[in-house]
Structure formats: C-alpha cells, structure tokens
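Q: Provide a 3D model corresponding to the input given below.
(2 chains)
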Amino acid sequence: MILIPELQAGGLQLAYDQRVVVDDLDVKVPPGRVTAIVGANACGKSTLLRALARLLAPRKGAVELDGRALHSIPTRELARRLGILPQGPTAPEGLTVLDLVTRGRSPHQTWWRQWSKADEEAVHSALAATGIADLAGRAVDELSGGQRQRAWIAMAVAQGTPVLLLDEPTTYLDLAHQIDVLDLIHDLNRNEGRTIVMVLHDLNQACRYADHVIAMKHGRIVAEGDPADVITAANVEEVFDLRCQVTTDPVSGTPLVIPMGRHHTA
Amino acid sequence: MATKTVEPGSGAHFRLGRVPVSGRLRPRLITVCAALAAATFLLVAWSVSIGDFPISFTDAMRAVVGVGDPGTLLIVQELRLPRAVVGVLVGFAFGLSGAIFQTMTRNPLASPDMIGFTQGAGLAVVAGIVFGWTGTVGTQFLGLAGTFVMAFLVYVLAWRRGTTGYRIILVGIGLQWMALSATDYLIARGMQFQAHAALGWLTGNLNGRDWSQALPLAITMAVLVPLALALGRLTRTLQLGDDVAVGLGTRVQFVRLALLVTGVGLVAFGTAAGGPIAFVALAGPQIAQRLAGTAWPPPLAAGLTGALFVTGSDFAAARLFPMELPVGIVTGVLGAPILLWLLIRANRAGSGG
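A: The predicted structure follows:
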C-alpha cells in the first residue's frame, strides 16, 4: 500500500553560486496526481524539480515530505519514498537492462541482503510495467532512445517510491516514443497510485497527461491548477512571450496551443 | 529453502531461506578470479624455486613454510620470497586502485599512473636521491609523501568541481608533466651515479626487495583492501552518475572521499614499495573487465590481474633476458599487447570497447 505523500515547499530560494534562479517560491504537489511543470528555457523549472528531489539544497526555505524537511531525512530513507530520474542519464557501456533496473533497488538492500523476494518482484514488475521484459539481457547502450528511456524509468519504478520526479522524460525521443513514455507514466499513476511530478516542454502533452500544471517564468509560478485553467492564451503569452490561440484538442478534449509567429498567419 | 533463479546474461541469484541473506552470483567473474589467483600462486611458487641456485619445487614450498636446511631457507625466505610477495602485493594494490579511480570517474584514463600520482612519487624520490635525503628519510617515505602531495593537488584543483569528465584528466596530466619535467631537471643536474640510481627507481624494480618493503605494504593492504572491496558495492550507483546515485540514496560525497583515500593509500604504499611500475593501474582493471565480461572494472579481479601481471612481468624480466631487467620495462611490453588484443577482439564481436 502506498501512503498519500505530502510534498511541498515554502519560501524557497534556489541559486547556483551567486545566481539566484528561484526566489520565495511556495508550492504544494497534489498527492496521487500527475503534475507537469512547464515554462520557457531557464525559467527555473528543472531547478525546482532538483530541489524537490534534494539534488539542490535550498538557500532559503525548505522542501518538506510528510511534514519533515528533506535535508533532515537520511538520504537512504528518502530514496525509499521519493525517486528522481534526472535528465539524460548515462549508463556504463555494456551494462544490461536487468542490471540497471536491479540497481533501482539499492535503497532497499543491505550488505548481506541483495536480492530479496521483494527485490525480485519489484524488478520483474518494473520490467513488465515498462514493457521491456524481453530486453532484460540487452546492453542499455545498444537500445533505441525510446527503449533506453523505458529502461531508466523501469529503474525508477523498481525503486518503488510513492513519489516519482522526472526531469524532461521525453527529451530526445521521437514523437511516437514521447507518447509511449507519457502513456507509461499515466499508467504508473493510475494503476499504482504514484504521485508524479515531471518537467515537460510540450504544452499540449502537459495538458493531456497532467492533472495539475505549474507554469513558471523567471523563477516564479505564474499560474497553477487544472490544465484548462492554466493553459490560456493570456498565460502562454505571459510565460513564453509568444502569441497563440488555444483551442480544444480534438482527441483528448484538453487545451491545444497553436502558436503564432511573425510569419505564416492567414 | 534456498532458491535460485537464472537471468539472461547476468548470472544467477541466490537466497537463503532461513536467514535474510541473498545476493547475485556471476559465475564468469568467480571463474576469472579463481583462475587469476591460481595462476599467480603457481607463478610465485615457480619463481621461488628457480634461479642461480635451483631448488626443487617441493623443497621451495617446504622452505616457504619454514622447513628445510639453513641455506635453502635463507635463499627462499630472505631473497626470493620477499621479492615475489612485494610483486604480488604491489600488483594487487595498483590493479585495485586503478579499478577504484576508473569506476569513480567513469573513465579508464583516470588511473593513478595517468593523473600524476606515481609521477609525484617519482619526483620526491629523485629529489631525495639527488639532494642526498635518502640516507635520513628513506625512499619509501619519500615515495609515500610524493604520492599524497600530488593526490592532494589533483583533489584541490580538479576534484571538488565534479569527478567525471575531462577536467580531472587534464589537471592530472598537467601536474604529471610538471612532475616529469622537474624530475628530468633533477636527473640532468644530478651526478652520474645519482642519475643512474634515480632512473633505476623510476622504471620500477623489484630486484633486492626485502621484508622491510613487504611488511608496511602488507599491513596497509590488510586494512585498505577489505575497505575497497566493501566500498565496491556502493560504486554500483555511483556508476550511473551523481544525480542518479543521490536519488538512489547514496551519500555521494562521503563514498567518493572514502574511495579517494583508499585508492590513494593503495597506490602510495604500492609505489613506495615497488616503484612506479608502469601500466599496471591502467591496464589491470581494463583487462579484468574484459576477461570477466562486466560493464565496469571488477575490483577483486582487477587486483588479481595486477598481481599476476606484475608477478609474470618480474618473472620474465629476471629470467627471460640475457641480463636482468627492471620489471617496469616488461609490464608495458607485456601488458599493452594483451589489452590491445582484448580490445580488438571485443570490437570484432560487435560489443565495442
């Protein structure tokens, strides 16, 4: 059973060296839902995700999981409750898919117990859920981009955390593989009740696949909530400095953003 | 009830029923380790039994455990055995240290002999010889000090800003060339016999090693080798990158510092005892990785490969040539073709390097 996790942050200031990227930000992740963080390049969306995953220590404020500050939770204990898949991870050459997915069990393993029944079940169900069971013996670096991303997601799934954070899980994938990965993420949420937060570039995909959208600009949250309320022409222009029309996605009924550039307008 | 499952391409798992002990078996890795250990043992046994004064294999083995006539005991226990033991220990230390650094940086070039550590030892020892310090502080101490100073410099200049990527290699190579230039300068301005002594040490030489070299190394390794092998488990997440490792609950900074201290300790004491024997720390882990068919340098197999590599090279250096050579000359000649062969074979098999 997965407990309903409460992940939130208050008064966050995030910075790299002297450069402040996010200042005085409050956010609450809706438990059991899929949240997408969107925004222009360098708006601080990946930085926020890294802070939520304790990869970046806040300069001010704190991220809390179930009422405890992240930095006060031992990293191994935290790794059993919150998983993070960073952007563009690389595996050592020749590492098999099974090996990679098995390493997702690290926070549950000890020196003497490295392949418990629970480990075995988690690895097999992660391979099955991501549809790569037949690739288990293959080297990760020999797979196609879409298969490789599935293998990494399988690793994060095997970790078995109630919260899963994904930094641009669809980057570098062709359109079919993007949809494939997003469908997979949807299944993980709906079938296993995992809370998911992901950074996405594509607004239309965010509208389709997220229950909750957070739109950021210059390190601040411009709007958040239901995709239909957040992704409006006014908000998109505000966030991306881009004029657009928003219509209804004929397939999903969610907002569909049609950008307007300087050219090709009828 | 113990269960065993077989997975494609990754060996077998085991799980004990009564106690919560479980793990993974890699049959090929176990076989490789056993074969390397057996080959090293046989080579050591052989090398203590042959020489200017031949001793039968049985007598040599009896002398090793302290049985036999005083003459044989002297030759085996005081002359041949210490040299063989230093060879095994130095090789193991270099191979294991190389595996640690290559795994931690995810780069085979980041071996201690490529990023200036051993060259630091060389500079310190040559300075000692040329300035006449060796009478007071000893070559071993200088070798240790040189390695530690160099490792500290690499750490300060490169390490703290991220251990992967080319930064550590470039900083290491830069420091290495500074040390080499300074060493060359000292040799050029030193007197001829000093230069000869310096060059002799710089090639890496096991000739005339006695227990005073073997003992400090053995004691250090008794501590560092188990530590390094234990840390090996934690590198499995580190190999996936720092962010993934943190996400999987690894205390990255702590593990990395522990690995650094262990790896530097091994290479420092190894160099102090045997000199900077070329190529072992770089090639040992790479050869072991290809023999074992793993995606990373396996620590134990890398150490054993290093041990066999140095033992075999010293055997060849002492016996196969008309005049006795320093072992450091042979390691490069012997190791490079083996590594190249393994690389070429891997490419033909289509599995890359």
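Q: Looking at the stretch 51-200 of chain B, which residue is nearest chain A?
A: B:Arg106 (6.7 Å; CB to the nearest CB). Every C-beta, even on glycine, is put in place using the N, C-alpha and C of the backbone.
Q: count of neighbours near that residue?
A: Using other CB atoms under 10 Å in any protein chain shown, B:Arg106 has 19 other residues around it.
Q: just B:Gln102 next, same as before
A: 26.
Q: I'd like the distance from the residue lying closest to A:Asp211 once chain neighbours are set aside to A:Ala215, if you could.
A: Leaving aside its sequence neighbours, A:Asp211 sits nearest to A:Arg33 (CB to CB, 6 or more residues apart in numbering or on different chains; 4.1 Å). For A:Arg33, the distance to A:Ala215 equals 16 Å [CB to CB, to the nearest Å].
Q: and if you look at A:Leu175?
A: 23 Å.
Q: Look up which helix or strand residue 197 falls in, please.
A: Going with chain A. strand A:195-199 (DSSP states H and E).
Q: Chain B is the one I meant
A: Assigned by DSSP H and E, B:Ala197 falls in helix B:192-203.
Q: Counting neighbours, what do you get for the residue in the stretch 151-266 of chain A that chain B sits nearest to?
A: Relative to chain B, the nearest point of the stretch 151-266 of chain A is A:Gln159 (6.8 Å; CB to the nearest CB). Neighbour count for A:Gln159, taken as other CB under 10 Å: 27.
Q: thinking again about what came up before, how many other residues sit next to the residue nearest to A:Asp211?
A: 15.
Q: Pull the contacting residues for it.
A: A:189, A:195-196, A:211-212 (CB atoms under 8 Å, 6 or more residues apart in numbering or on different chains).
Q: Pull out the buried members of these.
A: A:189, A:195-196, A:212 (16 or more other CB atoms under 10 Å in any protein chain shown).
Q: In JSON lines, list those along with distance to chain B.
A: Converted to JSON lines, these look like this (distance: CB to the nearest CB, whole Å):
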{"residue": "A:Asn189", "distance to chain B": "19"}
{"residue": "A:Thr195", "distance to chain B": "15"}
{"residue": "A:Ile196", "distance to chain B": "15"}
{"residue": "A:His212", "distance to chain B": "22"}
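Q: Between the residues you listed, which sits nearest B:Gly95?
A: A:Ile196 (44.2 Å; CB to CB).
Q: Got the phi and psi for the nearest residue to the closest one once chain neighbours are set aside?
A: Using CB to CB, 6+ apart and skipping residues adjacent in sequence, the residue nearest A:Ile196 is A:Val34, 4.6 Å away. Note on A:Val34: its backbone torsions stand at phi -100, psi 120 [degrees, to the nearest 10].
Q: now A:Val34: how far from B:Val223?
A: 50 Å.
Q: same deal with A:Asp174?
A: 53 Å.
Q: any chance you could map the strands in chain A?
A: A:7-16, A:19-29, A:34-39, A:60-65, A:68-69, A:82-85, A:163-167, A:195-199, A:212-217, A:220-225, A:244-248, A:255-259 (DSSP state E).
Q: May I see those strands organised as TSV, with mean pLDDT added?
A: Shown next, in TSV, are those (pLDDT from 0 to 100):
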stretch	mean pLDDT
strand A:7-16	95
strand A:19-29	95
strand A:34-39	97
strand A:60-65	96
strand A:68-69	94
strand A:82-85	96
strand A:163-167	97
strand A:195-199	97
strand A:212-217	97
strand A:220-225	96
strand A:244-248	95
strand A:255-259	95
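Q: Tell me, how many residues neighbour A:Thr47?
A: 22.
Q: Name all residues that make contact with it.
A: A:Thr47 neighbours (CB under 8 Å, 6+ apart): A:14, A:16, A:21-22, A:56, A:219.
Q: So for it, what's the pLDDT?
A: For A:Thr47, the pLDDT comes out at 96.
Q: residues from the stretch 101-250 of chain A in reach of chain B?
A: A:102-104, A:106-107, A:111-117, A:119-120, A:136-139, A:141, A:156, A:159 (CB under 8 Å from any CB of the partner chain).
Q: picking up where we left off before, of A:Val34 and B:Val223, who's got more company?
A: Per other CB under 10 Å, whichever of A:Val34 and B:Val223 has more neighbours is A:Val34, with 23 against 11.
Q: Distance-wise, check the more buried one relative to chain B.
A: A:Val34 is 19 Å from chain B, where distance means CB to the nearest CB, to the nearest Å.
Q: Go ahead and confirm that residue touches A:Arg208.
A: No. The pair A:Val34 / A:Arg208 is not scored as a contact, 10.2 Å apart, by CB atoms under 8 Å.
Q: if you average pLDDT over the helix holding B:Ala197, what comes out?
A: 85.
Q: same question, stretch B:58-78
A: According to the model, stretch B:58-78 has a mean pLDDT of 87.
Q: now the end-to-end length of that stretch.
A: 18 Å (CA to CA, to the nearest Å).
Q: Would you mark the buried spots in it?
A: So stretch B:58-78, judged by 16+ other CB under 10 Å, has buried residues B:59-64, B:68, B:72-73, B:75-77.
Q: can you check stretch A:19-36 too?
A: A:21-23, A:25, A:27, A:29, A:31-32, A:34-36.
Q: Kindly report the same for stretch B:166-182.
A: So, applying 16+ other CB under 10 Å, buried residues of stretch B:166-182: B:168-169, B:171-173, B:175-176, B:178-179, B:182.
Q: Would you mind splitting chain A into its domains for me?
A: A:1-81+A:161-232, A:92-160 (automatic domain parsing).
Q: avg pLDDT for the shortest one?
A: On average, the pLDDT along domain A:92-160 is 92.
Q: Check the offset of it from the chain's centre.
A: 18 Å (CA atoms, centre = their mean, to the nearest Å).
Q: likewise the first one?
A: Once both centres are worked out by CA atoms, centre = their mean, domain A:1-81+A:161-232 turns out to sit 6 Å from its chain's centre.
Q: Distance of B:Ser47 relative to B:Asp59?
A: Counting by CB to CB, the gap from B:Ser47 to B:Asp59 is 14 Å.
Q: re earlier: just the buried ones among the contacts of A:Arg33 now: which is nearest B:Met191?
A: A:Ile196 (72.8 Å).
Q: still on that earlier bit, most neighbours per residue, which of the domains of chain A?
A: domain A:92-160 (a mean of 20; mean count of other CB atoms under 10 Å in any protein chain shown).
Q: any chance you could read off phi and psi for the residue nearest to A:Leu98 when sequence neighbours are not counted?
A: Using CB to CB, 6+ apart and skipping residues adjacent in sequence, the residue nearest A:Leu98 is A:Ala136, 4.2 Å away. Phi and psi for A:Ala136, reported as degrees, to the nearest 10, are phi -50, psi -40.
Q: Roughly how far does A:Ala136 sit from B:Arg345?
A: From A:Ala136 to B:Arg345 the distance is 25 Å (CB to CB).
Q: hmm, back to that, tell me which residues in the helix holding B:Ala197 are buried?
A: Neighbour count says helix B:192-203 has B:194-195, B:197-198, B:201-203 buried, by 16+ other CB under 10 Å.
Q: from those residues, which is closest to B:Trp159?
A: B:Leu202 (26.1 Å).
Q: which residues touch the closest one?
A: Per CB under 8 Å, 6+ apart, neighbours of B:Leu202: B:122, B:125-126, B:183, B:275-276, B:328.
Q: Would you format those residues as JSON lines with pLDDT, neighbour count and distance to chain A included?
A: Converted to JSON lines, the contacts of B:Leu202 look like this (pLDDT from 0 to 100; neighbours: other CB atoms under 10 Å in any protein chain shown; distance: CB to the nearest CB, whole Å):
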{"residue": "B:Gly122", "pLDDT": "92", "neighbour count": "30", "distance to chain A": "32"}
{"residue": "B:Val125", "pLDDT": "91", "neighbour count": "30", "distance to chain A": "36"}
{"residue": "B:Val126", "pLDDT": "92", "neighbour count": "27", "distance to chain A": "38"}
{"residue": "B:Thr183", "pLDDT": "94", "neighbour count": "22", "distance to chain A": "35"}
{"residue": "B:Gly275", "pLDDT": "90", "neighbour count": "26", "distance to chain A": "32"}
{"residue": "B:Pro276", "pLDDT": "91", "neighbour count": "27", "distance to chain A": "28"}
{"residue": "B:Gly328", "pLDDT": "88", "neighbour count": "25", "distance to chain A": "30"}
